[in-house]
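[1] Return a 3D structure for these sequence lines:
(one chain, ligands or ions: 1)
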Amino acid sequence: MDMISKIAGLIGEELKKNFPEAQGLPDTETIRGLLEVPPDTEMGDYAFPCFRLAKALRMAPPKIAQTLSDGWQHEETASAKAVNGYLNFFLNRVNFATQTLDAVLKAGENYGSSDEGNGKTVCLDYSSINIAKRFHIGHLSTTMIGHSLKRIYDFLGYRTVGINHLGDWGTQFGKMICAFKKWGTEAEVEQGGVEELTRLYVRFHEEAEKNPELEDEGRAWFKKIEDGDEEALRIFNWFKDLTLRDTARIYDLLGVTFDSYAGESFYNDKMDRVIDELREKNLLTVSEGASIVDLTEDKMPPCLILKKDGATLYATRDLAAAIYRHDTYHFTKCLYVVAYQQDLHFRQFFRVLEKMGYEWAKDCVHVAFGMISFEGETLSTRKGTVVYLEDLLKQAQEKALKIIEEKSPNLENKETVARQVGIGAVIYTDLSNSRIKDIDFRWDRAMNFDGESGPYVQYTHARCCSLLRKAEELDLPQMNPEVLTNDEAQQLLRLISRFPDVVREAADKYEPFMITRAVTDIAQAYNRFYYEHRILDDDLAGTAARVALTKATKNVIRTGLYLIGIEAPERM
Ligand code: ARG
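    Numbers count the residues shown, from 1 in each chain. The predicted structure follows:
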């Protein structure tokens, strides 16, 4: 049990003891939630506000605080002092250090994990790329937030299903086949991959401006895909393979994986059921030839289900997909990691699920995120300011390699470390802020080894590893925890002890950045400790304690980085 829970438990006991008649006293969990960290450590490590108890106890808050502090005899945990209606706690620093280190070192890299998920399933829809489009940095957030949340939920004992809901349906694919038949060759497309497909698609639009009949030809090819025409399907599936082959390289670099690639076309034969159901439940109305679900009552525009020509839409496929996922995986939660621009789409289709009577609609969550710009410039295909992810990751590795060549010319496996550091810098930047905030990617910030960055945290981890390697050569006695009662060590211990709470909160709020923040704070606190106190010195019992703290720090940073999808090299 951690120190906060212990204090909360003791407060609960004291309340019962001092006020045996009182009704409606808070339970330990509630007390834990009420505990605050005072603005100033002089005032204590934690504070319990007594104001909320005044009614139940019919007593003024300062009096309650005084009563509790008078009877307080748990100095092995913390001493207590009443101040202005607060009960301020000063941790027993030695015990706090021993217990925190014990908890971390026992759990190792599992520190912070739990079995709260108890096998329940969370579906995560992330990355969800469109076929024949190149992966650019606008796709980074959905990919990395989703991947991180998957790891976080796994860590908390959930079963997770990572789904790449491919955008593999729509008239554009008919146009692409048409363009390929007219101007493409198999060899060029094989060679150029998605880039070549994009070129053909752009050409189609240029030519179609002069020659509008092309549009009909494109539509005809799409109709062929829909009707299962052999040639059309063969070409289309080939385009799909090419795209997946291109993106697989990026996913490999990022370490991102999926359990399912069931995309929009997967639901072709699952849509009739949804449409029939909507009709049976009297939810479908015809408006200007199209079939819609009216959402006027919900103050939203209608949800489009079928176009005039009977074609299904994005929302129709998402309805089918949600139902399929629920039937197949029995999820407790289905997360959609998609840009906030699609907010209306998700509100609409979640509402339609609700109207269909699916009570689990409440378990579907749009995990929205903001935009990413690059060096102050918004991305636009038209202006030619798109930054392709593959290029960005390549540059990141080159920049990292250059820095490593300068800083540690003798390092082994420089290329591997450069990959870990370069990619880590990119991922860190992406997950360094609350997800709804827009991000401006800047090289100087991402690669700043001294600032708040991926390399900085990785470097701190490598520093810990290096100290631990040296410590292995020493014959260390039982540790003396007294050397960990100084402010620097205590601040570090406090951050470490909070890590399990951070993981849980990151899951609850779908905010990987909370973990980014936590590992950064821990790295900074460790470095402050490191500069103030020699880790390895002649006092071996003290050294043993500082080494234990170093090991705990290393474990937590490593786990935290893992949870946000960043590797932690042992040498840098
Ligand atoms: N492919 C879509 C896009 O790029 C994102 C799909 C998100 N997932 C979903 N189930 N709608 O806009």
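
[2] Chain neighbours aside, what residue packs nearest to the closest residue to the ligand within the stretch 451-572 of the chain?
    Ranked by Cβ to the nearest ligand atom, the top residue of the stretch 451-572 of the chain for proximity to the ligand is residue 510, at 15.1 Å. C-betas here are computed from N, CA, C, even on glycine. Nearest residue to residue 510, sequence neighbours excluded (Cβ to Cβ, 6 or more residues apart in numbering): residue 367, at 4.6 Å.

[3] Check residue 434 too.
    Using Cβ to Cβ, 6+ apart, the closest residue to residue 434 is residue 513 (5.8 Å).

[4] From what I see, the one you found and residue 435 are in contact.
    Yes - counting by Cβ atoms under 8 Å, residue 513 does reach residue 435; the two are 6.6 Å apart.

[5] show me what contacts residue 130?
    Residues in contact with residue 130 (Cβ atoms under 8 Å, 6 or more residues apart in numbering) are 166-168.

[6] Which ones among those map onto helices?
    The helices in this structure, assigned by DSSP state H, contain none of these.

[7] Of those, which is the nearest to the ligand?
    Nearest to the ligand among the contacts of residue 130 is residue 167, at 3.5 Å by Cβ to the nearest ligand atom.

[8] For the residue nearest to residue 510, give me the pLDDT.
    Per-residue pLDDT puts residue 367 at 98.

[9] what separates the helix or strand encompassing it from the chain centre, distance-wise?
    Assigned by DSSP states H and E, residue 367 belongs to strand 364-369. Strand 364-369 sits 12 Å away from the centroid of its parent chain (Cα atoms, centre = their mean, to the nearest Å).

[10] counting contacts, what elements does it pack onto?
    Strand 364-369 makes packing contacts with helix 140-155, strand 333-339, helix 343-355 when contacts are defined by 3 or more Cβ pairs under 8 Å, 6 or more residues apart in numbering; DSSP states H and E.

[11] That one vs strand 333-339, what angle?
    30 degrees (axes from the mean of the first three to the mean of the last three Cα atoms, to 10 degrees).

[12] List the buried residues of strand 364-369.
    Using 16 or more other Cβ atoms under 10 Å as the test for burial, strand 364-369 gives 364, 366-369.

[13] what comes into contact with it?
    141-142, 145-146, 149, 322, 333-340, 342-343, 346-347, 350, 353, 435-436, 510.

[14] Tell me the first helix or strand C-terminal of it.
    Using DSSP H and E, the helix or strand that directly follows strand 364-369 along the chain is strand 372-374.

[15] Buried residues in that following strand, which are they?
    Those would be 372-374, for strand 372-374 by 16+ other Cβ under 10 Å.

[16] List the beta-bridge partners for the closest residue to residue 45 other than its chain neighbours.
    Leaving out its chain neighbours, the residue that sits closest to residue 45 by Cβ to Cβ, 6+ apart is residue 91, at 4.5 Å. Using DSSP bridges, the beta-bridge partners of residue 91 come out as residue 78.

[17] Hmm, residue 397 is touching residue 420, no?
    No - between residue 397 and residue 420 no contact is recorded; they are 9.2 Å apart, counting by Cβ under 8 Å.

[18] Please name the residues that touch residue 45.
    Residue 45 makes contact with 37-38, 78, 89-91, 490, 494, according to Cβ under 8 Å, 6+ apart.

[19] Mind putting those residues into JSON lines with pLDDT, distance to the ligand and neighbour count?
    Listed next are the contacts of residue 45 as JSON lines, based on pLDDT from 0 to 100; distance: Cβ to the nearest ligand atom, whole Å; neighbours: other Cβ atoms under 10 Å:
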{"residue": "37", "pLDDT": "87", "distance to the ligand": "39", "neighbour count": "14"}
{"residue": "38", "pLDDT": "88", "distance to the ligand": "44", "neighbour count": "15"}
{"residue": "78", "pLDDT": "93", "distance to the ligand": "49", "neighbour count": "22"}
{"residue": "89", "pLDDT": "95", "distance to the ligand": "47", "neighbour count": "27"}
{"residue": "90", "pLDDT": "95", "distance to the ligand": "51", "neighbour count": "16"}
{"residue": "91", "pLDDT": "94", "distance to the ligand": "47", "neighbour count": "24"}
{"residue": "490", "pLDDT": "95", "distance to the ligand": "45", "neighbour count": "20"}
{"residue": "494", "pLDDT": "92", "distance to the ligand": "39", "neighbour count": "20"}
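
[20] Out of the residues you listed, the closest to residue 117 would be?
    Set against residue 117, the nearest of the contacts of residue 45 by Cβ to Cβ is residue 494 (26.8 Å).

[21] re earlier: and the strand holding residue 367, which strands flank it?
    Here strand 364-369 is paired, per DSSP bridges, with strand 333-339 (parallel).

[22] Check whether the strand it pairs with comes near the ligand.
    Yes - using Cβ under 6 Å from any ligand atom, strand 333-339 comes into contact with the ligand via 336, 338.

[23] Not counting its own residues, what contacts that strand?
    122-126, 128, 138, 141-142, 145-146, 149, 322, 325-326, 346, 363-371, 510.

[24] can you check stretch 444-462 too?
    Under Cβ under 8 Å, 6+ apart, the answer for stretch 444-462 is 396, 399-400, 403, 407, 420-421, 424-429, 432, 519-520, 523, 526-527, 553-554, 557-558, 561, 566-572.

[25] hang on, the earlier thing: go back to the buried residues of strand 364-369 and keep what's next to the ligand.
    Counting by Cβ under 6 Å from any ligand atom, no member of the buried residues of strand 364-369 is near the ligand.

[26] Would you reformat these as CSV and include distance to residue 286?
    Converted to CSV, the buried residues of strand 364-369 look like this (distance: Cβ to Cβ, whole Å):
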residue, distance to residue 286
364, 27
366, 28
367, 34
368, 32
369, 36
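
[27] follow-up on the earlier one: show me what contacts the residue nearest to residue 45?
    3, 45-46, 77-78, 490.

[28] cool, residue 178 as well?
    Residue 178 touches 204, 214, 217-218, 220-221, counting by Cβ under 8 Å, 6+ apart.

[29] of the residues you listed, closest to residue 392?
    Nearest to residue 392, judged by Cβ to Cβ, of the contacts of residue 178 is residue 204 at 27.9 Å.

[30] hmm, back to that, only the buried members of the contacts of residue 178: can you turn that into a PyMOL selection?
    Here is the PyMOL selection string for the buried members of those, based on 16+ other Cβ under 10 Å:
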select buried, resi 204+214+217+218+221
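
[31] Narrow the contacts of residue 178 to those in strands?
    Among those, no residue falls in strands (DSSP state E).

[32] C-terminal to the helix or strand hosting residue 418, what's the next element?
    Here residue 418 sits within helix 414-430, counting by DSSP H and E. Following helix 414-430 in sequence order, the next helix or strand is strand 439-441 (DSSP H and E).

[33] Name every strand pairing with that following strand and say which way it goes.
    Partners of strand 439-441, by DSSP bridges, with direction: strand 372-374 (parallel).

[34] With just CA atoms, put the helix or strand following the partner strand into CSV.
    Downstream of strand 372-374, the next assigned helix or strand under DSSP H and E is helix 389-407. In CSV, the C-alpha atoms belonging to helix 389-407 read as follows (Å, rounded to 0.1, in the frame of the first residue of the first chain):
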residue,chain,number,x,y,z
LEU,A,389,6.3,10.8,-41.9
GLU,A,390,8.8,8.7,-43.5
ASP,A,391,11.0,11.7,-44.3
LEU,A,392,10.5,13.1,-40.9
LEU,A,393,11.6,9.9,-39.2
LYS,A,394,14.5,9.6,-41.4
GLN,A,395,15.7,13.1,-40.6
ALA,A,396,15.1,12.5,-36.9
GLN,A,397,17.5,9.5,-37.1
GLU,A,398,20.1,11.4,-39.0
LYS,A,399,20.0,14.3,-36.5
ALA,A,400,20.2,11.9,-33.6
LEU,A,401,23.2,10.1,-35.2
LYS,A,402,25.0,13.4,-35.7
ILE,A,403,24.5,14.4,-32.0
ILE,A,404,25.6,10.9,-30.9
GLU,A,405,28.7,11.1,-33.1
GLU,A,406,29.6,14.3,-31.3
LYS,A,407,28.7,13.4,-27.8
